[in-house]
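Visitor: Need coordinates for the below:
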Amino acid sequence: MEYIELSPTANYKSWETKRLQELRKKDYSTDLGQNLLFENADFRLWDLKLEHKERLRFRELKNDFSYTCINDGCGVIHLGDGRIMYSQFKRGTVHFVEIPQNESLIIDIENSGLETLKLVLTEILLPTETFI
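Guide: Prediction:
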């Protein structure tokens, strides 16, 4: 996957007003994708399918995850820290995103390509400790 930074950290000047209001409202989803395909104690398997110009609203992600590109495509990603990234997705590539403990990643994605964008995402669940 290739990224091109369109806007640096802490620069919200180029953001659309509606998107910036949504970010400030902090009404984030915690779902990694659109549809939960499978879940057990260790991981969740999600799919993501965005049509041309379709957008997945902001999410607050706390677990490490990987995603596999099912087809070629491109998208624009907004991050809670102000960055805007243009991304090219290549069919068959797998990418891993590590989120530091006690932190989160605020992110949205919009399909900026002409074709449907398809990803499969694997969310690695944090172990839950039980005390006796």
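
Visitor: can we go C-alpha only for contacts and neighbour counts from here?
Guide: OK.

Visitor: start to end distance for stretch 16-35?
Guide: 27 Å (CA to CA, to the nearest Å).

Visitor: now that stretch: how far from the chain's centre is it?
Guide: 11 Å (CA atoms, centre = their mean, to the nearest Å).

Visitor: same question, stretch 43-58
Guide: 8 Å.

Visitor: what does that stretch contact?
Guide: For stretch 43-58, the external contacting residues (CA atoms under 8 Å, 6 or more residues apart in numbering) are 22-23, 28-29, 32-39, 106-125.

Visitor: repeat that with 6 Å
Guide: Residues from elsewhere that reach stretch 43-58, judged by CA atoms under 6 Å, 6 or more residues apart in numbering: 28, 33-38, 107-125.

Visitor: Show the backbone phi and psi for S87.
Guide: S87 adopts backbone torsions of phi -130, psi 140, taken as degrees, to the nearest 10.

Visitor: and it, how many neighbours?
Guide: Residues contacting S87 under the criterion other CA atoms under 10 Å number 19.

Visitor: Equivalent analysis for the one 4 residues further on, please.
Guide: Residues lying near R91 (other CA under 10 Å) number 15.
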